[in-house]
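>>> Based on what follows, work out the 3D shape:
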Amino acid sequence: MTITRTAMRALCVAATVTATLVAAATTGQGAAAQVPAAVENFTLIMLPDTQYASQSWPQVYRAQMQWVDDQQAARNIKYVLHVGDVVDDSDQQYQWNNSKSAMGLPTDDVPYIIGPGNHDLDSTSTRAATRYNSNYPRSTFTALPSFGATYPATANDNTYHVFTAGGANWLVLALKYQPSDTEIAWANQVVSAHPNHNVILVTHAYQNGTAKDSTGNRLWTNLVSKHANFRFTFSGHYVNAGVITQQGIGGNTVHQIQADYQNLILRDPNSYLRVMTFNPTNKTVDVKTYSPYLNRYMTDVKNQFVLTNVNLVPVG
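Residues are numbered from 1 along each chain as shown. Below you'll find the model as predicted:
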């Protein structure tokens, strides 16, 4: 790395990346598919609700992201997937500042994508995301080679990114808390436009352990189950952890994974993240739950397990 996330953090509040990408946000015609690299093991990081770390323990949040940067080469980390509730109180700017001091810019080292949670919104009744967009604007992400498009076209409420890893094409779709019918329709257009990509949905509320909530049922019926190239969903929101494995209508297996360790009173639970190591040759994903701040793993069956028979979409 020639420029580290640490070196860039001081610029995070004062400046944003201003490059633009020619893409049609509402039709899913954003970043083009790339020629996949050779089959390789790679890692994705799932970052559960960071709201109390942003509020009270920013050192925990910074330790998480610094570890990701430090481990990028050794673990071949491709992306950080933040499942939302970046902050606890969206009207408290210091919490946004704490989050940005940890996250840095997505162009610093390991790129990231965020599915805004209910605490990131101005109001859950209106679902307005003015404060979120002020702190994580669309313009911050457009310089990423993996950037696809957003909906609405000028805001970062919902977005998708594409990348290659493990000899396959990937599409990460991040949807705002409790997506509307219009937002789900946009998501369907995006997925349909990328049939040769393995699709990951990142959204805040989808399931509570091994049971879908009402939003999860809507998303499964109206989006996830409809596309043969869906492979994963990731969510948080509920203080729980669980996996639901189901077949889509195309016979494809979709692993739906939820985790959230937030704790208002205790610091340490807020320090855990998910480390997911993909082995395309063996068709496995090794999932571990780790605290960089404590240098400690959770080893119970909910938090350490291996997904098998993970069949990726062949490159078309």
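>>> which helix is the longest one in the protein?
Determined from DSSP state H, the single longest helix within the chain is helix 58-75.
>>> tell me what that helix is packed against?
With contacts taken as 3 or more CB pairs under 8 Å, 6 or more residues apart in numbering; DSSP states H and E, helix 58-75 sits against helix 5-8, strand 42-47, helix 51-55, strand 77-82, helix 93-103, strand 273-279. C-beta coordinates here come from the backbone N, C-alpha and C atoms, glycine included.
>>> Show me the contact partners of it.
In this structure, residues lying in contact with helix 58-75 by CB atoms under 8 Å, 6 or more residues apart in numbering are 1, 4-6, 43, 45, 47, 50, 53-54, 77, 80, 98-99, 101-104, 108-110, 267, 270-271, 273, 275, 277, 292-293.
>>> Can you check what angle separates it from strand 77-82?
150 degrees (axes from the mean of the first three to the mean of the last three CA atoms, to 10 degrees).
>>> Could I get the pLDDT score of the residue sitting furthest away from the middle of the chain?
Residue farthest from the centre of the chain, counting by CA atoms, centre = their mean, is I265 at 25.7 Å. pLDDT for I265: 98.
>>> how close does it sit to Q55?
Distance of I265 to Q55, given as CB to CB, to the nearest Å: 12 Å.
>>> And V287, by the same measure?
Distance from V287 to Q55, by CB to CB: 27 Å.
>>> Show me which of those two is the more surrounded one.
V287 (22 against 19; other CB atoms under 10 Å).
>>> List phi and psi for that one.
phi -110, psi 120 (degrees, to the nearest 10).
>>> again with the one 10 residues further on
Recorded main-chain torsions at Y297 are phi -100, psi 150, according to degrees, to the nearest 10.
>>> burial count for it?
Here the count is done by other CB under 10 Å, and Y297 has 14 residues near it.
>>> quick one: it and L175, what's the gap?
For Y297, the distance to L175 equals 30 Å [CB to CB].
>>> picking up where we left off before, so which of the helices and strands packed on helix 58-75 is the most surrounded?
Comparing the helices and strands packed on helix 58-75 by mean neighbour count (mean count of other CB atoms under 10 Å), helix 51-55 comes out on top with a mean of 25.
>>> How far off centre is that helix?
When distances are taken as CA atoms, centre = their mean, to the nearest Å, helix 51-55 is centred 18 Å away from the chain's centroid.
>>> can I get the CA coordinates of that helix in CSV?
Extracted C-alpha coordinates of helix 51-55, given in CSV (Å, rounded to 0.1, in the frame of the first residue of the first chain):
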residue,chain,number,x,y,z
GLN,A,51,-23.8,2.0,16.5
TYR,A,52,-22.5,1.8,20.1
ALA,A,53,-18.9,1.8,19.0
SER,A,54,-19.5,5.0,17.1
GLN,A,55,-21.3,6.4,20.2
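>>> mind listing the strands for the stretch 201-316 of the chain?
207-208, 211-212, 230-235, 241-247, 253-259, 273-279, 284-291, 296-298, 305-307 (DSSP state E, counting those that start in this stretch).
>>> Report the helix or strand with the lowest average pLDDT across the protein.
Across the helices and strands of the chain, mean pLDDT, DSSP states H and E gives its lowest value to helix 5-8, namely a mean of 45.
>>> Give me the neighbour count for V39.
Neighbours of V39 (other CB under 10 Å): 14.
>>> My guess is it contacts G166. True?
Yes: at 5.9 Å, V39 and G166 qualify as touching, with contact defined as CB atoms under 8 Å.
>>> any common contacting residues for those two?
P280.
>>> In the chain, which residue is most central in space?
Central residue of the chain (CA atoms, centre = their mean): L81, 2.3 Å from the mean position.
>>> Pairing partners for it in the sheet, please.
M46, I113 (DSSP bridges).
>>> List the residues that contact it.
L44, I45, M46, L47, Y112, I113, V172, A174, I200, V202, F234.
>>> For the fourth one, give me its contacts.
Think L47. Q64, V80, L81, H82, V83, Y112, L273, R274.
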